[in-house]
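Peer 1: Just to be clear, the model below is a prediction. Sequence and coordinates:
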Amino acid sequence: MNEKLNRFLEEGTYSYVALGSFDGLHSGHLSLVNKIIELANENKGKSIVYTFKNHPRTLIKGATPPKLLMDNESKEEILEALGVDLIYFEEFNEEYMKLTPEGFIKYLCEKFKVKGIVVGFNYRFGYKNVGNIEMLKELSTKYGYEFYVMEPCNYEDEVISSTRIRNELLSGNVDKAMKMLNRPYCIKGKVVHGKKLGRAIGFPTANLDYSKEALIPKKGVYYTNVQWQGKIYKGITSVGNNPTVNGDKLTIETYILDFNNDLYGHNIKVYFIKKIRDEKKFNSIDDLVIQLKKDKYYALEEKFFVNL
């Protein structure tokens, strides 16, 4: 990041900056991103997405940071693919937290030679979030930048937000979350050894070691797509405690259809497409196998595939 930033600053080109948290990069966020790319192209400048490396609540005493919809590495991959010139992750620390709204804008404009700022309709900034849209507009004359506020994006007549997407995922509505994100919700991690019960009953699963900062959808069984080494496979993913065998911890385990490779130690991505059913404690292993066969048939009939 430092080398890329230094090259960027050395070029001395004016920039157009989108400000926000961009957790999930949902449709509302993408409207900001598309606007700065458009402005940069029209004015022969550079596009920047400026966001935080860590959630501001990590520094506020007694506050609990929300579970994340997307890690920084994934944000960077998606934004670079869209054509953003620079993704800048600011460390939110004590010094930064105490910046006044004007102090923040001054810092931003001087560091990146800002000629345009794009924000969402409810953007707040500066110490204790006292900065608002009106203040950004007032400061635009003093610091010489164009100012744009993007209208909210709606889904089913309600504003799309990261909070709303989290709530849908926590309710198991991964299909609704996918509509608002413009892509399926994804959890990634390394495949680790589990109890190997699935292998014993003919449904071997990839047990995911996931980030504890990531939001986990509601317990249940989902139709998923699994990305491994640049390819996509159909999957059935169980999120839960394996109640039939009295499991004692939450696991994310995926049976990958038509797949025989050894995944232990490999990194995979699991994309949640649609919920198949709730988690259930079966009376016997045989009953569980009967249900798993039904789940497999459901997945075989599904047509959706992630487009890489």
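Peer 2: Nice, I can see it.
Peer 1: what does stretch 261-275 rub up against?
Peer 2: Identification of contacts with stretch 261-275 by CB atoms under 8 Å, 6 or more residues apart in numbering yields 169, 172-175, 177-178, 183-193, 206, 208, 217-218, 220-229, 235, 237, 252, 254, 302, 304, 306. C-beta here means a position set from N, CA and C on the backbone, and glycine is covered the same way.
Peer 1: ok, of the residues you listed, which come out buried?
Peer 2: 169, 172-175, 177-178, 183-189, 191, 206, 208, 217-218, 220-228, 235, 237, 252, 254, 306 (16 or more other CB atoms under 10 Å).
Peer 1: ok, S47 - contacts?
Peer 2: Applying CB under 8 Å, 6+ apart to S47 gives the contacts S15, Y16, A18, V33, I36, I37, L39, A40, G83, V84, D85, L86.
Peer 1: Columns neighbour count on top of those residues, output as JSON lines?
Peer 2: As requested, the contacts of S47 are exported to JSON lines (neighbours: other CB atoms under 10 Å):
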{"residue": "S15", "neighbour count": "29"}
{"residue": "Y16", "neighbour count": "27"}
{"residue": "A18", "neighbour count": "30"}
{"residue": "V33", "neighbour count": "23"}
{"residue": "I36", "neighbour count": "27"}
{"residue": "I37", "neighbour count": "19"}
{"residue": "L39", "neighbour count": "21"}
{"residue": "A40", "neighbour count": "23"}
{"residue": "G83", "neighbour count": "13"}
{"residue": "V84", "neighbour count": "20"}
{"residue": "D85", "neighbour count": "20"}
{"residue": "L86", "neighbour count": "20"}
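Peer 1: D157: which of these is nearest?
Peer 2: V33 (23.9 Å; CB to CB).
Peer 1: Just want the phi and psi numbers for that closest one.
Peer 2: Backbone torsions for V33, taken as degrees, to the nearest 10, come to phi -60, psi -50.
Peer 1: Low-confidence bits of the protein, can you list those?
Peer 2: Residue ranges of the chain with pLDDT under 70: 1-2, 61-62, 246.
Peer 1: Try it again at 80.
Peer 2: The chain contains residues with pLDDT under 80 at 1-12, 56-63, 194-200, 244-248, 308.
Peer 1: show me the contacts for the residue positioned nearest the centre of it.
Peer 2: Centroid-nearest residue in the chain, with CA atoms, centre = their mean: M70, separated by 2.4 Å. M70 is in contact with D23, G24, L25, C186, counting by CB under 8 Å, 6+ apart.
Peer 1: residues making contact with stretch 146-166?
Peer 2: 21, 23-24, 26-28, 31-32, 35, 39, 66-67, 69, 115-123, 133, 136-137, 140, 176-177, 179-181, 185, 215.
Peer 1: Correct me if wrong: A214 contacts P65.
Peer 2: No. The pair A214 / P65 is not scored as a contact, 11.9 Å apart, by CB atoms under 8 Å.
Peer 1: any chance you could map the strands in this protein?
Peer 2: In the chain, the strands defined using DSSP state E lie at 15-19, 46-52, 86-90, 114-120, 146-150, 154-155, 158-159, 185-192, 206-210, 220-228, 231-240, 251-256, 267-277.
Peer 1: can you redo these as a markdown table with distance to I60?
Peer 2: Supplementary listing: these in a markdown table, determined by distance: least, CB to CB, whole Å:
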| stretch | distance to I60 |
| --- | --- |
| strand 15-19 | 20 |
| strand 46-52 | 13 |
| strand 86-90 | 16 |
| strand 114-120 | 21 |
| strand 146-150 | 26 |
| strand 154-155 | 30 |
| strand 158-159 | 25 |
| strand 185-192 | 26 |
| strand 206-210 | 25 |
| strand 220-228 | 33 |
| strand 231-240 | 30 |
| strand 251-256 | 29 |
| strand 267-277 | 30 |
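Peer 1: Which one of these lies nearest to K128?
Peer 2: Here strand 46-52 is closest among these (CB to CB), at 16.0 Å.
Peer 1: Just want the angle from that closest one to strand 15-19.
Peer 2: Angle, strand 46-52 to strand 15-19, by axes from the mean of the first three to the mean of the last three CA atoms, to 10 degrees: 30 degrees.
Peer 1: thinking again about what came up before, have a look at A214 and P65 and say which one is more surrounded.
Peer 2: Shown here are A214 and P65; by other CB atoms under 10 Å, A214 has more neighbours (17 against 13).
Peer 1: Contacts only, for the more buried one.
Peer 2: Residues in contact with A214 (CB under 8 Å, 6+ apart) are K67, L68, D71, I187.
Peer 1: any idea how far the second one lies from K212?
Peer 2: L68 is 10 Å from K212, where distance means CB to CB, to the nearest Å.
Peer 1: And for the first one?
Peer 2: Taking CB to CB as the measure, K67 and K212 are separated by 9 Å.
Peer 1: if we can go back for a sec, please pick the buried ones from the contacts of M70.
Peer 2: Buried members of the contacts of M70, counted by 16+ other CB under 10 Å: D23, G24, L25, C186.
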